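Asker: quick one, structure for this:
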Amino acid sequence: MTIMKNKMNFDLQRFSDTGYLKDNLQGFVPKPIAADIIADIVRGSSVMRLSTVQPMTSETQKFPVMTAGPGAYWVGETERIKTSVAEWIFPELVAKKIAVIVPCSREKLEDTTINVFGVVRPYIAEAFYKAIDSACLFGTNSPFAKNIFGVASAAGNVIAEETNPKLDLDISDVMALVENGGLDVNGFVAGYDLKNSLRKLRDGNGNQLYVTGVDSSTLYSQPIEFSRNGAWDKTKARAIAGDWKYSIIGIRDQIQYETLREATLQSVTMSDGKPLSLAENDMVAIKVTMRLGFLPVKENAFAALKPKA
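Answerer: Below you'll find the predicted structure:
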């Protein structure tokens, strides 16, 4: 029975990959394209590039996170070796659904499913990674209980810009807030406008401290992700520093789709100001959904530089 079930699943997947969209109006995105979409999302998402990303095999899943390692001891020749236990926490991630609707011409119904998704793939990925960064960084339209800026604020790990005479000193103080908890900053996320501020930094002799093209991807020898996908809220923060192994994202590997043929898309406005009617405009739309979980498991692992008042 198990063999027959697995064979049936394989045949259905193969049919979906090679069949026409009109004959496969809903189902799972073909596996090669689904893998490419997830890879594109990770490349486009600042949070996912820095965080610990794990596969999820169920809607809820616990992940082991070591918060303190085992200790080592000096011992004499005949002394008993002491033992210590590593400290672990087991945060539970709950997968939440994220969705996007991509309108396209009705002629796409005559194309194979895999070819259709090859065309709409970049639009799906862009919509997803923008929504993921907005939710995980600032809690914008988020289904998750926590976000990175929110936990930094709750921990009191916030420095106001111009606390010091120079920006690099402000950023150093932000790093110190994480380090005071015994953690190390291993990456930054910042708004794209911070690039110009960094380029203007000078030492006492007027020499540029931050040279574009030489050190434009690191700050204090740690990677920096400049958010340019529209997810950054510059009213809340100029930069966020963190020990990003304590930001966990879980991904379900299956991406589902449904083809819409008669709907009116309220989120898409035509030139006349009216919402897009698929039937009136001889179009279809593909609704794509995936599931992922997110949790910052240590609140004091993150700190933010907020804009000056």
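Asker: and G206, how many neighbours?
Answerer: Neighbourhood size, G206 [other CB atoms under 10 Å]: 6. Glycine gets a C-beta too; all of them are placed from N, C-alpha and C.
Asker: scratch that, G230
Answerer: Using other CB under 10 Å, G230 has 10 other residues around it.
Asker: same deal with the one 4 residues further on?
Answerer: Neighbouring residues of K234 were enumerated by other CB under 10 Å; the total is 13.
Asker: tell me the bridge partners for the spatially closest residue to it that is not a sequence neighbour.
Answerer: With CB to CB, 6 or more residues apart in numbering as the criterion, K234 has its nearest non-adjacent residue at 4.7 Å, and that residue is G191. On the basis of DSSP bridges, G191 takes part in beta bridges with S227.
Asker: who's in contact with G191?
Answerer: F226, S227, W232, K234, A237, R238, A239 (CB atoms under 8 Å, 6 or more residues apart in numbering).
Asker: for those, which two are the farthest from each other?
Answerer: Taking CB to CB, the two most distant members of the contacts of G191 are F226 and A237; they sit 13.0 Å apart.
Asker: which one's more surrounded, the two?
Answerer: Comparing F226 with A237 by other CB under 10 Å, the one with more neighbours is A237, at 26 against 18.
Asker: is it true that the more buried one touches A304?
Answerer: Yes - A237 lies in contact with A304 (CB atoms under 8 Å); the separation is 4.5 Å.
Asker: which neighbours do those two have in common?
Answerer: Common neighbours of A237 and A304 (criterion: CB under 8 Å, 6+ apart): F149.
Asker: please, where are all the strands along the stretch 101-250 of the chain?
Answerer: Counting by DSSP state E, counting those that start in this stretch, the stretch 101-250 of the chain has strands at residues 158-160, 187-191, 218-219, 222-227, 239-242, 247-251.
Asker: and the shortest one, average pLDDT?
Answerer: In this model, strand 218-219 has a mean pLDDT of 88.
Asker: okay, who's weakest in the contacts of G191 by pLDDT?
Answerer: pLDDT across the contacts of G191 is lowest for S227, at 89.
Asker: still on that earlier bit, and the contacts of G191, which is closest to S217?
Answerer: Of all those, S217 sits closest to F226, with 8.8 Å by CB to CB.
Asker: so who does the nearest residue to that closest one once chain neighbours are set aside touch?
Answerer: Take F226 and drop its neighbours on the chain: the residue closest to it by CB to CB, 6+ apart is Y192, 5.1 Å away. Going by CB under 8 Å, 6+ apart, Y192 touches F226, S227, R228, W232.
Asker: pretty sure the first one contacts L194?
Answerer: Yes - in this structure, F226 sits in contact with L194. The criterion is CB under 8 Å, and the distance is 7.0 Å.
Asker: can I get the contacts of Y192 in TSV with distance to L137?
Answerer: Shown next, in TSV, are the contacts of Y192 (distance: CB to CB, whole Å):
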residue	distance to L137
F226	13
S227	7
R228	13
W232	7
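Asker: least confident secondary structure element in this structure?
Answerer: One helix or strand of the chain scores below all others by mean pLDDT, DSSP states H and E: helix 2-18, with a mean of 43.
Asker: now the element after that one, going C-ward?
Answerer: strand 26-28 (DSSP states H and E).
Asker: what's the longest helix anywhere in the chain packed up against?
Answerer: Longest helix in the chain, counting residues (DSSP state H): helix 113-138. For helix 113-138, the contact count by 3 or more CB pairs under 8 Å, 6 or more residues apart in numbering; DSSP states H and E identifies helix 2-18, helix 31-44, helix 46-50, strand 96-105, helix 148-154, strand 283-296 as packing neighbours.
Asker: nearest to E162 among those would be which one?
Answerer: With respect to E162, and counting by CB to CB, the nearest of those is helix 148-154 at 18.6 Å.
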